[in-house]
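1. structure here, sequence nowhere to be found:
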């Protein structure tokens with residue numbers, strides 16, 4: 001469920017689904033992004049680089065299926081930032 005547009009317009013700070021060690025996975029990141037939050041995935045949650053790459057593909061596919069979102073990567077955590085036209 002996406003954030004209500006009336007509430008979103010009043011926010012002055014971004015809403016973030018914080019990356020949690022051993023808790024955050026690709027499903028949580030994708031759903032956070034779809035709901036209008038910033039989702040972040042700690043690299044160390046995936047035990048190997050192959051798993052991490054698969055998670056990134058899974059997140060990308062889920063977001064692509066959902067609609068028009070802007071995806072940005074940063075540093076050791078990969079952040080997926082939602083940029084949707086809510087008008």
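-> Yep, that arrived. Just so it is clear, the model here is predicted, and its values are computed rather than measured. Residues are numbered from 1 along each chain as shown.
2. all strands for this structure, in order.
-> Listed in chain order, the strands of the chain (DSSP state E) span residues 16-17, 38-42, 77-80.
3. ok, of the ones you listed, where does mean pLDDT dip lowest?
-> Here the strands of the chain differ in mean pLDDT, and the lowest is strand 77-80 at a mean of 44.
4. with adjacent residues omitted, what lies nearest to residue 29?
-> Counting by Cβ to Cβ, 6 or more residues apart in numbering, residue 29 lies nearest to residue 39, which is 3.8 Å off, once chain neighbours are set aside. Backbone N, C-alpha and C define where each C-beta goes, glycine included.
5. biggest helix in the chain by residues?
-> helix 49-66 (DSSP state H).
6. and the angle for that one with strand 38-42?
-> Interaxial angle of helix 49-66 relative to strand 38-42 (axes from the mean of the first three to the mean of the last three Cα atoms, to 10 degrees): 160 degrees.
7. in the protein, which residue is closest to the centre?
-> Computing the C-alpha centroid of the chain and ranking residues by Cα atoms, centre = their mean puts residue 39 first, at 2.9 Å.
8. for it, give the beta-bridge partners.
-> Under the criterion DSSP bridges, residue 39 forms beta bridges with residue 17, residue 80.
9. contact partners for it?
-> When contacts are counted by Cβ atoms under 8 Å, 6 or more residues apart in numbering, residue 39 is found next to 17, 28-33, 59, 79-80.
10. quick check: closest non-adjacent residue to residue 46.
-> Nearest to residue 46 is residue 52, by Cβ to Cβ, 6+ apart, at 3.7 Å.
11. report the separation between the one you found and residue 21.
-> In this structure, residue 52 and residue 21 are 14 Å apart, going by Cβ to Cβ, to the nearest Å.
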